[in-house]
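> I'd like to go over a predicted model; first the sequence, then the structure.
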Amino acid sequence: MNEEYILQMEGISKQFSSVKVLHEVDFRIKKGEVHALMGENGAGKSTLIKILTGIYRKDAGTIRLDGREIIPSDALEAQELGISPIYQDISVVGQLTVAENIYVGREIKKHGVIDWKTTNQKSREILRNLGIDIDVTKPLSAYGTAIQQMVAIARSILIDAKLVVMDEATSSLDEDEVRVLFQIIRRLKDEGISVLFISHRLSEVFEISDTITVLKDGYLVGEYETASLTKTELVSKMIGRNAQDVVNYKRKQREVIKEEYLNALGIQSGIRLKGYDLTIHRGEVVGLAGLLGSGRTELARILFGVDRMDRGEIYINGAPVEFRFPYQAIGRGLAFCSEDRKVEGIFPDLSLAENISISNMKAVSRFGMIQKKKMQKLAEEYIEKIRIKTSGAGQKIRALSGGNQQKVILSRWMAMNPDLIILDEPTRGIDVGAKKEIEDLIREIASKGISVLLISSEFEELIRNCDRVEVIREGENAGTLSGEAITEENILEMIANGAAGKEAKRHES
């Protein structure tokens, strides 16, 4: 037993059916440190975390928390032991007040009824200690994602957490919100609370973590001091090959067909879009850059018929269209991968084959009857073509990693041979290796003459993959960048100040 460590997991193994996903993995965290767990999708990170938090039972190995061996049988027992998880999908209830969310399951009572005065007072104190001063009697849904994350952390502190597990907790936060969260993490560290941090954003890992453990294909690659690694070295360890080609990749300039496919003119919607114009040519990858709340996703949803615009015109191949429902957009050759794949992208209880075929039933049917062999064959084609890691076409999609789920969604639309694919944050929450594979697919799609509208918060992703970047600022056109002018500096300047002063840099080649 080593008293320096709050957590020691030794020889952890786990197998599902005939597939072994963890091979005698060792993992440990020091008291009061921020420890990052890294690896590609399918590396075993989630399985290890679910074993630690009582969701899965290990097949072999031991877990010690603060020197005592534990075998958590469920998530509640893990929390009672001092392990508090905060997931990408925040486990809070928007309809309840802030205070109710903090004290749910641990209500303060007086004479057999809940003491709301004390509950609200203590909730305010806990949040103020975290640097948050809000009305705790309001429904939590009245506040943004960052505040909801802070409330989840406050609940962790309330249960005297020894170890806080943050699994992609920053994936839905903007830069300012991440900065606040990191301040909280540093406070937890100062108080001796350890943090297990999982993120696919390398910059975050290098900013906040003290130590990094890397898994690959269910095996331990190694444990490293963060300061001893470069980003390229870390990626190389994660993917098992030299990462220079991944990190430094820059898309070669190419000739784009000048034929216009889509024109959107004067698109207005509520307070988000204020007369936005967009043109997309055939086979062109157009990036849409802007801050969260700038109107990027609202525009995508209008183009696909999910939401209605207040004013504006949309033309496809020169003909006016008005999509009231997504099936109308699909019928005209549009496809849409939503940023929230778990809610709007996948059908979790259906198989991989069913998820791929669901928008293209004609291709797998005959005389109105679904042909399972055709469905199976279509799925197997894309499993091989885009290297989906799965036990087979019949596996439920909920069991796949985030990157592989995204590949399935892309397969669904590629199987339709669309004219335009709208990708809203297609690599959010997936690792560097899977990200490169998704980006390779985007370029392959464009090479076949299919247009792509790529919405991304990661400027590097836009720089690597786009022929042209349109910048949207507070619902309005802020400028256009092409060729060598697509740089982070130029994108940031347009987001901050619009197109003023950039005319000399536009459309450089």
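Yes, it's here. Every value quoted in this text rests on a predicted model; they were computed, and no experiment measured them.
> all contacts plus neighbour counts: C-alpha atoms, from now on.
Noted.
> Listing request: residues of the stretch 351-500 of the chain with sub-threshold pLDDT.
359, 429-433, 498-500 (pLDDT under 70).
> for it, what spans make up the helices?
352-357, 372-385, 402-414, 432-447, 459-465, 488-497 (DSSP state H, counting those that start in this stretch).
> can you count the residues close to the closest residue to residue 297 other than its chain neighbours?
The shortest distance from residue 297 to any non-neighbouring residue, by Cα to Cα, 6 or more residues apart in numbering, is to residue 424 (7.0 Å). Per other Cα atoms under 10 Å, the neighbour tally for residue 424 reads 23.
> Please apply the same query to residue 39.
29.
> And for residue 399?
15.
> quick one: contacts of stretch 276-286?
256-268, 419, 445-454, 465-470, 475-477 (Cα atoms under 8 Å, 6 or more residues apart in numbering).
> From those residues, which land in strands?
260-268, 451-454, 468-470, 476-477 (DSSP state E).
> How about the contacts made by residue 202?
Counting by Cα under 8 Å, 6+ apart, residue 202 has contacts residue 231.
> which stretch among the helices of the stretch 351-500 of the chain comes nearest residue 5?
The closest of the helices of the stretch 351-500 of the chain to residue 5 is helix 432-447. By Cα to Cα, the value is 29.4 Å.
> elements contacting that closest one?
Counting contacts by 3 or more Cα pairs under 8 Å, 6 or more residues apart in numbering; DSSP states H and E, helix 432-447 packs against helix 231-239, helix 244-247, helix 402-414, strand 451-455, helix 459-465.
> Switch those over to JSON lines; also include mean neighbour count and distance to residue 70.
Compiled in JSON lines, the helices and strands packed on helix 432-447 are given as follows (neighbours: other Cα atoms under 10 Å; distance: least, Cα to Cα, whole Å):
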{"stretch": "helix 231-239", "mean neighbour count": "19", "distance to residue 70": "29"}
{"stretch": "helix 244-247", "mean neighbour count": "14", "distance to residue 70": "40"}
{"stretch": "helix 402-414", "mean neighbour count": "23", "distance to residue 70": "29"}
{"stretch": "strand 451-455", "mean neighbour count": "25", "distance to residue 70": "44"}
{"stretch": "helix 459-465", "mean neighbour count": "21", "distance to residue 70": "42"}
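> Counting neighbours, what do you get for the residue lying closest to residue 15 once chain neighbours are set aside?
Once flanking residues are discounted, residue 15 sits nearest to residue 21: 5.6 Å by Cα to Cα, 6+ apart. Per other Cα under 10 Å, the neighbour tally for residue 21 reads 20.
> Let's verify residue 3: helix, strand, or coil?
coil (DSSP: H, G, I helix; E, B strand; the rest coil).
> Can you tell me how far the closest residue to it other than its chain neighbours is from residue 193?
Spatial nearest neighbour of residue 3, chain neighbours left out: residue 67 (6.6 Å); criterion: Cα to Cα, 6+ apart. Applying Cα to Cα, to the nearest Å, the value for residue 67 to residue 193 is 15 Å.
> Wait, residue 69 touches residue 81, no?
No - if you go by Cα atoms under 8 Å, residue 69 and residue 81 don't touch, sitting 10.9 Å apart.
> how far away is residue 297 from residue 290?
Distance from residue 297 to residue 290, by Cα to Cα: 10 Å.
> Who has more neighbours out of these two?
Higher neighbour count among residue 297 and residue 290: residue 290, with 26 against 20, using other Cα under 10 Å.
> Tell me if I'm right that the more buried one and residue 454 touch.
No - using Cα under 8 Å, residue 290 makes no contact with residue 454, being 11.8 Å away.
> For the residue nearest to residue 15, give its distance to residue 124.
43 Å.
> Could you pull up phi and psi at residue 84?
Phi and psi for residue 84, reported as degrees, to the nearest 10, are phi -120, psi 110.
> How about the contacts made by it?
Taking Cα under 8 Å, 6+ apart, one finds 53, 78, 156, 161, 162, 163, 164, 165 in contact with residue 84.
> ok, and the closest non-adjacent residue to it?
residue 164 (4.8 Å).
> partner strands of the one helix or strand that neighbour maps to, parallel or antiparallel?
Assigned by DSSP states H and E, residue 164 belongs to strand 163-167. Looking at strand 163-167 with DSSP bridges, its partner strands are strand 83-87 (parallel), strand 194-198 (parallel).
> Buried deepest among those, which one?
strand 194-198 (a mean of 26; mean count of other Cα atoms under 10 Å).
> Residues touching that one, excluding its own?
Under Cα under 8 Å, 6+ apart, the answer for strand 194-198 is 6, 29-38, 162-169, 185, 188-189, 205, 209.
> And for the residue lying closest to residue 139 once chain neighbours are set aside, the neighbour number?
With sequence-adjacent residues excluded and distances taken as Cα to Cα, 6+ apart, residue 139 is closest to residue 97, at 3.9 Å. Using other Cα under 10 Å, residue 97 is surrounded by 18 other residues.
> wait, doesn't residue 97 sit right on residue 136?
Yes - Residue 97 is within contact range of residue 136, at 6.4 Å (criterion: Cα under 8 Å).
> ranges for the strands of the stretch 201-350 of the chain?
Secondary structure of the stretch 201-350 of the chain (DSSP state E, counting those that start in this stretch): strands at 211-216, 219-225, 260-269, 273-281, 285-289, 311-316, 319-321, 334-337.
> What's the end-to-end length of stretch 346-355?
Rule used - Cα to Cα; the end-to-end distance of stretch 346-355 is 7 Å.
> Give me the contact list for it.
342, 375-376, 378-379, 392-398, 405, 408-409, 412.
> Turn the buried ones among those into a named ChimeraX selection, would you?
In ChimeraX syntax, the buried subset of the contacts of stretch 346-355 is picked out as below (16 or more other Cα atoms under 10 Å):
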select :375,376,378,379,393,395,396,397,398,405,408,409,412
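> what's the closest of the contacts of stretch 346-355 to residue 328?
Among those, and counting by Cα to Cα, the member closest to residue 328 is residue 412, at 17.0 Å.
> That closest one and residue 258, how far apart?
Where residue 258 is concerned, residue 412 sits at a distance of 28 Å (Cα to Cα).
> again with residue 366
Distance from residue 366 to residue 258, by Cα to Cα: 39 Å.
> if we can go back for a sec, compare the mean pLDDT across the strands paired with strand 163-167 and name the weakest.
Ranked by mean pLDDT, these end with strand 83-87 in last place, scoring a mean of 82.
> just checking, next helix/strand downstream of that one?
Per DSSP H and E, the helix or strand that comes after strand 83-87 is helix 98-103.
> tell me the contacts of the nearest residue to residue 317 once chain neighbours are set aside?
Closest residue in space to residue 317, ignoring its immediate chain neighbours: residue 261 at 5.0 Å, by Cα to Cα, 6+ apart. The neighbourhood of residue 261, defined by Cα under 8 Å, 6+ apart, consists of 279, 280, 281, 282, 316, 317, 318.
> Next, the contact list for residue 103, please.
Here residue 103 is in contact with 119, 155 (Cα under 8 Å, 6+ apart).
> For it, give its distance to residue 95.
Distance from residue 103 to residue 95, by Cα to Cα: 14 Å.
> for residue 313, same thing?
In terms of Cα to Cα, residue 313 sits 38 Å off from residue 95.
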